[in-house]
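# no FASTA, just this:
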């Protein structure tokens, strides 16, 4: 999980978006949205009169500032702050989902490693049976058909081992992807595949789901979209520009000092920002739909996964507590019966096959249990710890 969080490019790309969101917040909290504008003007004027040509140097300087008068700064600050909060929550949710995905791939590799051990035992078991039958056939105690059946079972076991080894390589490659490991560094894992006692109940997960990062991120996205809609609606009202200019004009012996105050206001006769309001309204509606849909679907998903997890727990318990002990006893009894001549080859092969199949079923059931548990915890926002 630590390797995936440090190396995963998808998470890094999402974290890189923080700079843009933080920059938007910095701009939004500024005193004014528009910068003040400074103007300086210098004029050299030649004024002819009856006796000579008079040269005059005149100048003026001014500053102007545009003011938003419809509450746009507040809406802008609210929208940018909510967008930043949503992005941070989305990063938390992505980190949570990534942990669940890495854990699922981890358990898949662990399960196939155990399957390889199981299939290796099966190959050894059926090889021993095939050699024993071949000796009995040579001694005239078994038929050629019995030897062929034993040989086919041994070859089937080898094929099954090769198939599982291929699946193990594929699972290790899938685990190496989020860890960003080189092709030559496919990981091997160690851990417990068995189901452990759950540290939570369905009610606790349902309560926790209301505060999970994904739902909170959707709520923040809705707040940001609503604030942007209010900002676009406020943009229909014109901004007021106030300017102050100071200058000197006139002849040298009659200089005039001018101070001018200007106020300019665009008339909103033609452009009423309908396009911006329409886009913002659409985004706000979509954000509301996504939030309400997620709030409705998450509890249903949690309940369905919880019921499935309980069913899988019962399946694992039946295999571990009832089926496996019975088959282990049957294996012991079949070996004794074979030595005593009470059973034949087909009964021994059937017992061994049942034992191997039950062990395969147990590994698959444990893998399904762990995958469902991780999906349940990710859906509820339960933090998956290493």
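Looks like it came in fine. The structure presented is a predicted model; accordingly, all values stated were derived computationally and were not measured.

# separation between residue 216 and residue 165?
44 Å (C-beta to C-beta, to the nearest Å). In this view, the C-beta of every residue, glycine as well, is placed from N, C-alpha and C.

# pick out whichever of the two has more residues nearby.
residue 216 (20 against 15; other C-beta atoms under 10 Å).

# what's near enough to touch the more buried one?
If you count contacts by C-beta atoms under 8 Å, 6 or more residues apart in numbering, residue 216 has them with residue 89.

# per-residue confidence averaged over whichever strand or helix holds it?
Secondary structure assigned from DSSP states H and E places residue 216 in helix 213-234. Average pLDDT, helix 213-234: 94.

# repeat for stretch 358-373
Mean predicted confidence for stretch 358-373 is 93.

# buried set for it?
Judged by neighbour count (16 or more other C-beta atoms under 10 Å), stretch 358-373 contains these buried residues: 358-363, 365-373.

# and for stretch 9-21?
Going by 16+ other C-beta under 10 Å, stretch 9-21 has these buried residues: 11, 14, 21.

# and stretch 57-67, by the same measure?
58, 60, 62, 64, 66.

# can you show me the helices along the stretch 1-150 of the chain?
Per DSSP state H, counting those that start in this stretch, the stretch 1-150 of the chain carries helices over the ranges 2-7, 9-16, 18-28, 72-138, 144-179.

# just give me the longest strand of this structure.
strand 53-67 (DSSP state E).

# quick one: low-confidence ranges for the stretch 101-250 of the chain?
Residue ranges of the stretch 101-250 of the chain with pLDDT under 70: 140-143.

# before we move on, back to that, could the buried residues of stretch 57-67 go into JSON lines alongside pLDDT?
Converted to JSON lines, the buried residues of stretch 57-67 look like this (pLDDT from 0 to 100):
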{"residue": "58", "pLDDT": "85"}
{"residue": "60", "pLDDT": "92"}
{"residue": "62", "pLDDT": "95"}
{"residue": "64", "pLDDT": "95"}
{"residue": "66", "pLDDT": "93"}
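
# that older thread, to residue 193, which of the helices of the stretch 1-150 of the chain lies closest?
Ranking these by their distance to residue 193 (criterion: C-beta to C-beta) puts helix 72-138 first, at 5.3 Å.

# that closest one - contacts with which helices or strands?
The contact analysis (3 or more C-beta pairs under 8 Å, 6 or more residues apart in numbering; DSSP states H and E) places helix 72-138 against helix 2-7, helix 9-16, helix 18-28, helix 144-179, helix 213-234, helix 345-380.

# tell me the most buried of these?
Mean neighbour count (mean count of other C-beta atoms under 10 Å) peaks for helix 213-234 among those, with a mean of 21.

# quick check: angle from that helix to helix 345-380?
Using axes from the mean of the first three to the mean of the last three C-alpha atoms, to 10 degrees, the inter-axis angle of helix 213-234 relative to helix 345-380 is 30 degrees.

# tell me the helix or strand right after helix 213-234.
strand 240-249.

# may I see the buried residues of that following strand?
241, 243, 245, 247, 249.

# quick check: which helices or strands does that strand pack against?
Against strand 240-249 (3+ C-beta pairs under 8 Å, 6+ apart) you get strand 53-67, strand 256-264.
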